[in-house]
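>>> Need the 3D shape of this:
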Amino acid sequence: MNKNFLFFIDELYFYNDLLNSYISKYSAGNFIKLLQEELNINSSFLVPVRYENLPISYSTKVNLDEYEVEELPGWDSIISYYRNIIKPINFYYIKRKLKKLIDNYDVFWVRLPSPFGLWLGKEAEKNNKFVIYHVAGDIRMAYLSSKYKGIKKIIAQLMGNYLHRKSIQLGKNGVFLCTGSILYNIYKKANKKVFYFIDSTILSKDLKEPKRSLIEPIKFLYVGRILEEKGIFFLIDAMKELKEKYKLELHIVGFGKDENKLKQIIKDEDFIIFHGFIPQGEKLYEIYSSSDVFVMPTINYPEGFPRVILEAWANGLFVISSRVGGIEGLGQDFGNLLFFRPGDKSEFIKKVELILDNSEIRERLRNGILQIQRKITSEYMINFLKEILIEEGII
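So this is what the prediction gives:
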């Protein structure tokens, strides 16, 4: 008998009537689409949805002519989730919705961290349904975000630790797919059935060979949220120093709450180009392929394994990253990237100089990138998942 799959992603979607689609600025849904197509399964998306203030651009489009979507109230953060759920009318709506979902589906994909995801997973397991937990980030570190100040920071830390402990209690009838080495080790130590996993949407046909030499102006690239804790202002400060020695450009792609501050800081810096938000697609890939060095300068942010590092490797870019989250493991220092201590400008500059001035280091990194490219494609990850599901008797 064919099983019905439900894929829950705690990322905000908007319904676009003209497109007959649900759209999102976030990209986790794109891997789910590839997985659904490859496995040829009966399945639906489950996502928070809003109908107003539609974004102009988007990374994921779920067309209702091709996919089914189950809607949840449109929260966009843990705080707005709890604001939603403390209202009795919303709580009982979600509770009824949850019961219906448990009755109608056999296998549940739950992307964590997410308070609703924990609730969904717990109820599904209680009803002997198989649950695949994709743990994409470390909720315990969320309090480090600059959006939390004072008492809110303390509450965020306590809530993060509480939600983490709750997730450790799950998995009696399921598996954990962990993005990043830290998360993998946490759930492995808790005796869970755990696998290292990245929801890559990179296709084998799109892989590009790394460069052997660099030509000025050397193009550096940052793709990610425009947030202070992601290290964007640290990066700009360091690049100003490097500009005294090298002819270079810094290209920045992304969106976030510190966008206006960024624009103000770079308004007189002609070597810095801010592209704004660019969805996944040809334009973004052109920026990747025309760049030389990708930088992941995160200072304090709960990273799992950032998808943008995979995209940089796929496009043959050299990668310099702060040693945060779960990047270490798949990321090998002096193997396929160079690490530096978060916020350490002098070490960051030294690592940049190694790539720009040392051809032996570039060749070593080039070989490491060619090796890792084979393991970061969607085909590789989907085949890996298929083997797990077959072993578990799910397909």
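
>>> What's the local residue count around Tyr288?
For Tyr288, the neighbour count with other CB atoms under 10 Å is 20. Quick note: C-beta positions are derived from backbone N, CA and C, even for glycine.

>>> Tell me which residues touch it, please.
Applying CB atoms under 8 Å, 6 or more residues apart in numbering to Tyr288 gives the contacts Leu221, Val223, Phe294, Glu311, Ala312, Ala314, Asn315, Leu317.

>>> May I see the PyMOL selection of the buried members of these?
Buried residues among those (16 or more other CB atoms under 10 Å), as a PyMOL selection:
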select buried, resi 221+223+294+311+312+314+315+317
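
>>> Any chance of the contacts of Tyr288 in a markdown table with secondary structure, pLDDT and distance to Lys247 as columns?
As requested, the contacts of Tyr288 are exported to a markdown table (DSSP: H, G, I helix; E, B strand; the rest coil; pLDDT from 0 to 100; distance: CB to CB, whole Å):
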| residue | secondary structure | pLDDT | distance to Lys247 |
| --- | --- | --- | --- |
| Leu221 | strand | 98 | 16 |
| Val223 | strand | 97 | 22 |
| Phe294 | strand | 98 | 19 |
| Glu311 | helix | 94 | 25 |
| Ala312 | helix | 97 | 21 |
| Ala314 | helix | 96 | 26 |
| Asn315 | coil | 96 | 22 |
| Leu317 | coil | 97 | 18 |
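
>>> Tell me the one among the contacts of Tyr288 nearest to Thr377.
Ala314 (7.9 Å; CB to CB).

>>> coming back round to it: would you convert the contacts of Tyr288 into TSV that also reports distance to Tyr184?
Compiled in TSV, the contacts of Tyr288 are given as follows (distance: CB to CB, whole Å):
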residue	distance to Tyr184
Leu221	28
Val223	24
Phe294	23
Glu311	21
Ala312	22
Ala314	22
Asn315	26
Leu317	25
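
>>> Just the mean pLDDT for stretch 159-175, thanks.
The pLDDT scores in stretch 159-175 average 94.

>>> Could you pull out the buried residues of it?
Buried residues in stretch 159-175, counting neighbours by 16+ other CB under 10 Å, are found at Met159, Gly160, Leu163, His164, Lys166, Ser167, Leu170, Gly171, Gly174, Val175.

>>> so Lys345 sits right up against Leu235, yeah?
No. Using CB atoms under 8 Å as the test, Lys345 is too far from Leu235 to be in contact (9.5 Å).

>>> When the two are compared, which one has more neighbours?
Leu235 (24 against 15).

>>> Got phi/psi on the residue nearest to that one when sequence neighbours are not counted?
Ranked by CB to CB, 6 or more residues apart in numbering and with sequence neighbours excluded, the top spatial neighbour of Leu235 is Pro297, at 4.3 Å. Phi and psi for Pro297, reported as degrees, to the nearest 10, are phi -100, psi 20.

>>> Pull the contacting residues for Pro297.
For Pro297, the contact set (CB under 8 Å, 6+ apart) comprises Tyr222, Lys230, Gly231, Ile232, Phe234, Leu235, Ala238, Ser321, Ser322, Phe348.

>>> Inside strands: which ones of the residues you listed?
Tyr222, Ser321, Ser322 (DSSP state E).

>>> Quick one: which of those is the most crowded by neighbours?
Busiest of the ones in strands among the contacts of Pro297 [other CB under 10 Å] is Ser321, holding 28 neighbours.

>>> Beta-bridge partners for that one, please?
Judged by DSSP bridges, the bridge partners of Ser321 are Met296, Phe339.

>>> residue ranges for the helices of the stretch 101-250 of the chain, please.
Listed in chain order, the helices of the stretch 101-250 of the chain (DSSP state H, counting those that start in this stretch) span 115-126, 150-168, 181-189, 232-242.

>>> Might you report the residue contacts of Lys33?
Thr60, Val62, Tyr67.

>>> Hmm, I typed the wrong one, I wanted Leu262.
When contacts are counted by CB under 8 Å, 6+ apart, Leu262 is found next to Ile226, Ile232, Phe233, Ile236, Ile252, Phe274.

>>> confidence score at the closest residue to Ile94 other than its chain neighbours?
Among residues not flanking Ile94 along the chain, Ile85 sits closest, at 6.5 Å (CB to CB, 6+ apart). On pLDDT, Ile85 comes in at 92.

>>> Ile85 contacts Phe91, doesn't it?
Yes. Applying CB under 8 Å, one finds Ile85 in contact with Phe91, separated by 5.3 Å.

>>> Neighbour count for those two, which is higher?
For Ile85 versus Phe91, the count of surrounding residues by other CB under 10 Å is larger for Ile85: 18 against 12.

>>> mind giving me the domain ranges of the chain?
Per automatic domain parsing, the domain ranges recorded for the chain read 4-202+377-391, 204-373.

>>> Quote the end-to-end distance of the longest one.
So that's domain 4-202+377-391. 18 Å (CA to CA, to the nearest Å).

>>> Arg341: neighbouring residues, count only.
12.

>>> err, Ile89, not the other one
8.

>>> Equivalent analysis for Phe5, please.
Neighbour number of Phe5 under other CB under 10 Å is 23.

>>> Tell me if I am right that it is in a strand.
Yes. Under DSSP: H, G, I helix; E, B strand; the rest coil, Phe5 falls within a strand.

>>> Leaving out the residues flanking it, which one is nearest to it?
Leaving out its chain neighbours, the residue that sits closest to Phe5 by CB to CB, 6+ apart is Ser43, at 3.9 Å.

>>> Kindly export whichever strand or helix holds the one you found (C-alpha atoms) in CSV.
Using DSSP states H and E, Ser43 maps to strand 42-50. Output of strand 42-50 as CSV, limited to C-alpha atoms (Å, rounded to 0.1, in the frame of the first residue of the first chain):
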residue,chain,number,x,y,z
ASN,A,42,1.6,10.7,-2.3
SER,A,43,2.5,13.8,-0.4
SER,A,44,1.6,17.3,0.8
PHE,A,45,3.3,20.3,2.2
LEU,A,46,2.4,21.7,5.6
VAL,A,47,3.5,25.3,6.1
PRO,A,48,2.5,28.6,7.9
VAL,A,49,0.6,30.7,5.4
ARG,A,50,-0.4,34.4,5.0
